[in-house]
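A.B. asks: Sequence first, then the predicted structure, then my questions.
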Protein chains: 2
Amino acid sequence: MRESQFPGAWAPPYARPVFHLTGRMLIALAAAMLLPVGIDALTGNPNWRAFLIGSVITCACGAGLTHVTRCRLSGGLTLRQAFLLTPVAWTTIALFGAIPPYISDYAQLRDSFTNAFFESVSGLTTTGATVIVGLDDAPHGILLWRALLQWLGGIGIIGVAIAILPALGVGGMQLFRTESSDRSEKVMPRAREIATGIVLIYVALTMVCGAAYWLVAMTPFEALAHALTTVSTAGFSTSDASMARWNNAALHWIATLFMLSGAVPFVLYLRLFQGQQDALRDSQVWFLVSLLAVMIVAVATWLVVAGGHSAADALRLASFNVVSVVTTTGYATADYTLWGNLMVGLFFGLMFVGGCTGSTTGGMKVFRFQVMIRMLQSQFLRLLYPRGVFPRVYAGRLLPDDVIGSVVVFFTLYFVCYSALTLALMAADLDFLTSASGAVAALSNVGPGLGPIIGPTGNFATLPEASKWLLCFGMLLGRLELFTVLILFFPQFWRG
Amino acid sequence: MRESQFPGAWAPPYARPVFHLTGRMLIALAAAMLLPVGIDALTGNPNWRAFLIGSVITCACGAGLTHVTRCRLSGGLTLRQAFLLTPVAWTTIALFGAIPPYISDYAQLRDSFTNAFFESVSGLTTTGATVIVGLDDAPHGILLWRALLQWLGGIGIIGVAIAILPALGVGGMQLFRTESSDRSEKVMPRAREIATGIVLIYVALTMVCGAAYWLVAMTPFEALAHALTTVSTAGFSTSDASMARWNNAALHWIATLFMLSGAVPFVLYLRLFQGQQDALRDSQVWFLVSLLAVMIVAVATWLVVAGGHSAADALRLASFNVVSVVTTTGYATADYTLWGNLMVGLFFGLMFVGGCTGSTTGGMKVFRFQVMIRMLQSQFLRLLYPRGVFPRVYAGRLLPDDVIGSVVVFFTLYFVCYSALTLALMAADLDFLTSASGAVAALSNVGPGLGPIIGPTGNFATLPEASKWLLCFGMLLGRLELFTVLILFFPQFWRG
Ligand SMILES: [K+]
Ligand SMILES: [K+]
């Protein structure tokens, strides 16, 4: 039987595995929609119908797509297929994820597909920017669905960062190639045991986090919803006030801890379980922890000196909010935009950083900053000693030139995309602070921005329609580490 | 006679030629101070005494310094001496340039050394940010002195960009090495005939510009003061309203033309005079002109559509203000911050760009953007064809890896310095827009920033003391292309 006789012949042959995998993911998404069906049915909210219909539509589309594009996947994906898979899958899932809220009777989302899609993208990309006002009174199904999307997005991005990006060699991710992916041309869906292990750890962390929340302050439902969005460093809450809704120091410390747990490379947990003690000496983790420590001490000192807080309060506020921004979670226990201009500037800068690669965090990722620092050091030495040779070492290994090149390109593109998005938002008539902070909040998947409109106590509801679509694009672009999206705009990609 | 027997033995031997050259520049500066003496004496302003005293002090210090550090310069400078010369000379001249205003009886500057020094640095670095309110009534001597500092700074930076930076190999400037500097380890004060030619062209352009201003609208003094700050793309005016003081379309077009004339590499004029027609095909110039054309058309269209201007008015306003910002001159004929959020964002972005290297403009310089674009292109192609080889060509030549590396480091450092300066300004309690735009206005030597305080119709007078010193540092840092200043902070520089 020749290829063109397949029912999926409408798609170019190389795209078939991509659509096939996307179809499978839709079926999984449809299964996830049954959870909000359950909780709405339990709480007697008629919204369960919307989720059930959504689930049926999604499942049907997923099954149909899988069927018409059926093919063998045992050979893994080619480079081009891997490039295509990431944006196609992410966009498709976000579209289907928007169906239940859009067909629901929840006034905040049913009126506008823009709002439903924005919330869905913001969920799946673990951004956590919301257009909903009045979360405290929102139906449980909707709240659970948002949290679930973030949780799925969190584990999804770990998978992309481990299995796809290193093989593509984008943004210096070739540093994290494993032995097997190094040797082959194909992107291998390598090591199911690693995947299983990481999923188990993700589930376990979520459960422990939820239990702790519940023990300390929250109702079981609140605990579940927040656990789903803490470990995924995603940040949706069940209250407009976010974590400030609970005036409970223990709760805030627990959240700080689990946000941090989502910001380290998840393979580290596996290696620890396998008894590899040296996993703790991971260079990225130490850089992240040192950065956080310095920032927390600085902010806490400022809060004591300039804000008149007690030392314990200052330390808790500083830890929570610094960790929340750097891990790109986006929870808030306080409006740090009221802590003075210096703090506004500081938090603005921290929004770019992000956590470790292979974690659920967004942002530029700390290893890229480490690589850039090595590069700057050697370049300065070269200015002083033009004939010297200055090897650039990272985590005990020599940094290859192509890694440095990729990281540099990533930084450049990040600022290009950031500037373009900021400008586009200003063209949609948002003011400077809202645009400049909204662009990084989207691109780094942090969630809240700065300023009175979209700041930590604000909301994206009132933004003009056009700016919401721009932000959706920014969230996807940032979540997929730029290249996998931008490469689609190169004509060579479609020709080659 | 051994080295230590020289009277200049207090300075390390390698620094002696640096101080010697600085001393000579001070003597030239003292001579320049006689011009304001003359004009204040002519107009009967008692300020002539301040300039005369300043001139005597400067001349004495310069002569003394030259004497105690006397040495042979015929061998040229070593790398390290060249690195040291640029910041030492610039800072020293700015300090002495602040003396006459500080000891004058002009209330705006005599009260505070901060203000006098800020105005001097802003002059010498061709930035054009001012702390003076009421320029229209300021004494002629002060006005001429500010303009003269800018004019001297303009020709000074052309010299640095031609003679020093290429040999140091900072920020990709090694691209502009001439044959002789390529072969030698020493930084040669090469080709006095080139230097003479460029000075003559600079003088000629200034004279033609001044004559045109005078013919069209200005008094001889205004024409002189503005000609000195137009060709140097520096931007000090004799009126608080800047060029908007003259409601004369011809004047604005003349200014646009001469700002542009200061933004092209001055060696091009020499080559044109030598009959080299291909000088006109310079890659940088065409990139700059194309960029300006696109931006002017975009802004003019916006002004017609959204602002209701006539086409001729829109074209004039757009041309003048776009050219003023991109060439980092900083004149204004209108408050473009009132043209809507999109225009604010656009002008903010344009402040980073700058003109060609080897011109009087500040900013990052267009050739660096060209190099970055080549790099991004080849990196994307490499993602698609991992085994391909993609030569990066600039101006018909293959770009060496070290040039690309240096340009990348320059971009990185520019944004690091920019972010640090913004944060520092916010720490000095300036708001976000003032800090973010003030930092780039200083670093790119544009002059005015954005927002109600330091915008095109605003003023730096009311800023807190600390922020003025930060901006002074930023202006020097940007003017000297970062490296020559930052390298002083490396302990290896002082050891080696
Ligand atoms: K987030
Ligand atoms: K300027």
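C.D. replies: Great, that's in hand. Ligands and ions are numbered 1, 2, ... in the order given.
A.B. asks: What's the mean pLDDT across stretch A:65-76?
C.D. replies: For stretch A:65-76, the mean per-residue pLDDT is 80.
A.B. asks: could you dump the strand or helix carrying residue A:267 to CSV, C-alpha only?
C.D. replies: Using DSSP states H and E, residue A:267 sits within helix A:266-273. Coordinates of each C-alpha in helix A:266-273 appear next as CSV, following Å, rounded to 0.1, in the frame of the first residue of the first chain:
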residue,chain,number,x,y,z
PHE,A,266,13.3,16.9,37.4
VAL,A,267,15.9,14.4,36.3
LEU,A,268,17.8,15.4,39.5
TYR,A,269,15.1,13.8,41.6
LEU,A,270,15.5,10.6,39.6
ARG,A,271,19.2,10.6,40.1
LEU,A,272,18.8,11.2,43.8
PHE,A,273,16.5,8.2,44.0
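A.B. asks: What are the boundaries of the helices in the stretch 251-400 of chain A?
C.D. replies: A:266-273, A:283-305, A:311-326, A:341-350, A:366-384 (DSSP state H, counting those that start in this stretch).
A.B. asks: Just send the ones you listed back as JSON lines, with distance to residue B:342, mean pLDDT and mean neighbour count too.
C.D. replies: Glycine gets a C-beta too; all of them are placed from N, C-alpha and C. JSON lines is the format used below for the helices of the stretch 251-400 of chain A (distance: least, CB to CB, whole Å; pLDDT from 0 to 100; neighbours: other CB atoms under 10 Å in any protein chain shown):
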{"stretch": "helix A:266-273", "distance to residue B:342": "42", "mean pLDDT": "87", "mean neighbour count": "18"}
{"stretch": "helix A:283-305", "distance to residue B:342": "34", "mean pLDDT": "94", "mean neighbour count": "18"}
{"stretch": "helix A:311-326", "distance to residue B:342": "28", "mean pLDDT": "94", "mean neighbour count": "22"}
{"stretch": "helix A:341-350", "distance to residue B:342": "21", "mean pLDDT": "90", "mean neighbour count": "22"}
{"stretch": "helix A:366-384", "distance to residue B:342": "31", "mean pLDDT": "85", "mean neighbour count": "20"}
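A.B. asks: residues contacting the nearest residue in space to residue A:346 that is not next to it in sequence?
C.D. replies: Spatially, and ignoring its direct neighbours in sequence, residue A:346 is nearest to residue B:423 (6.6 Å; CB to CB, 6 or more residues apart in numbering or on different chains). Contacts for residue B:423 (CB atoms under 8 Å, 6 or more residues apart in numbering or on different chains) come out as A:342, A:345, A:346, A:349, B:435.
A.B. asks: Please identify the helix or strand for residue B:423.
C.D. replies: Here residue B:423 is assigned to helix B:401-427, by DSSP H and E.
A.B. asks: So what's the gap between the helix or strand immediately after that helix in the chain and the chain middle?
C.D. replies: Going down the chain from helix B:401-427, the next helix or strand is helix B:432-443, by DSSP H and E. On the basis of CA atoms, centre = their mean, to the nearest Å, helix B:432-443 sits 16 Å off its chain's mean C-alpha point.
A.B. asks: Is ligand 2 within reach of helix B:432-443?
C.D. replies: No - judged by CB under 5 Å from the ion, helix B:432-443 stays clear of ligand 2, getting no closer than 8.5 Å.
A.B. asks: Let me see the mean pLDDT of the helix or strand just after that helix.
C.D. replies: Beyond helix B:432-443 on the C-terminal side, the first helix or strand identified by DSSP H and E is helix B:451-454. Taken as a whole, helix B:451-454 has a mean pLDDT of 88.
A.B. asks: so which of the helices of the stretch 251-400 of chain A gets nearest ligand 2?
C.D. replies: Proximity to ligand 2 (CB to the ion) singles out helix A:341-350 among those, at 24.7 Å.
A.B. asks: where's that closest one relative to the chain centroid, distance-wise?
C.D. replies: Relative to the chain's own centre, helix A:341-350 is displaced by 21 Å; criterion: CA atoms, centre = their mean.
A.B. asks: just the angle between it and helix A:283-305, please?
C.D. replies: 170 degrees (axes from the mean of the first three to the mean of the last three CA atoms, to 10 degrees).
A.B. asks: Can you list the neighbours in contact with stretch A:309-319?
C.D. replies: With CB under 8 Å, 6+ apart as the criterion, stretch A:309-319 contacts A:249, A:252-253, A:256, A:295-297, A:299-301, A:303-304, A:307, A:333-334.
A.B. asks: picking up where we left off before, which one, of the helices of the stretch 251-400 of chain A, ends up nearest to residue A:407?
C.D. replies: Closest to residue A:407 of the helices of the stretch 251-400 of chain A is helix A:366-384 (CB to CB; 4.5 Å).
A.B. asks: other SSEs contacting that closest one?
C.D. replies: Counting contacts by 3 or more CB pairs under 8 Å, 6 or more residues apart in numbering or on different chains; DSSP states H and E, helix A:366-384 packs against helix A:283-305, strand A:393-394, helix A:401-427, helix B:79-97, helix B:401-427, helix B:491-495.
A.B. asks: can you tell if the first one touches chain B?
C.D. replies: No - figure legend: helix A:283-305 not in contact with chain B (CB under 8 Å from any CB of the partner chain); closest approach 9.8 Å.
A.B. asks: could you dump that helix to PDB, C-alpha only?
C.D. replies: In PDB, the C-alpha atoms belonging to helix A:283-305 read as follows (Å, rounded to 0.1, in the frame of the first residue of the first chain):
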ATOM      1  CA  SER A 283      25.700  23.800  38.800                       C
ATOM      2  CA  GLN A 284      22.300  25.200  37.700                       C
ATOM      3  CA  VAL A 285      20.700  24.500  41.100                       C
ATOM      4  CA  TRP A 286      23.400  26.100  43.000                       C
ATOM      5  CA  PHE A 287      23.400  29.200  40.800                       C
ATOM      6  CA  LEU A 288      19.600  29.400  41.300                       C
ATOM      7  CA  VAL A 289      19.800  29.000  45.000                       C
ATOM      8  CA  SER A 290      22.600  31.500  45.400                       C
ATOM      9  CA  LEU A 291      20.700  34.000  43.300                       C
ATOM     10  CA  LEU A 292      17.500  33.500  45.300                       C
ATOM     11  CA  ALA A 293      19.400  33.800  48.600                       C
ATOM     12  CA  VAL A 294      21.000  37.100  47.600                       C
ATOM     13  CA  MET A 295      17.800  38.600  46.300                       C
ATOM     14  CA  ILE A 296      15.800  37.400  49.300                       C
ATOM     15  CA  VAL A 297      18.300  39.000  51.700                       C
ATOM     16  CA  ALA A 298      18.300  42.200  49.700                       C
ATOM     17  CA  VAL A 299      14.500  42.500  49.500                       C
ATOM     18  CA  ALA A 300      14.000  41.500  53.200                       C
ATOM     19  CA  THR A 301      16.600  44.100  54.300                       C
ATOM     20  CA  TRP A 302      14.800  46.700  52.200                       C
ATOM     21  CA  LEU A 303      11.400  45.700  53.800                       C
ATOM     22  CA  VAL A 304      12.800  46.000  57.300                       C
ATOM     23  CA  VAL A 305      14.700  49.300  56.700                       C
END
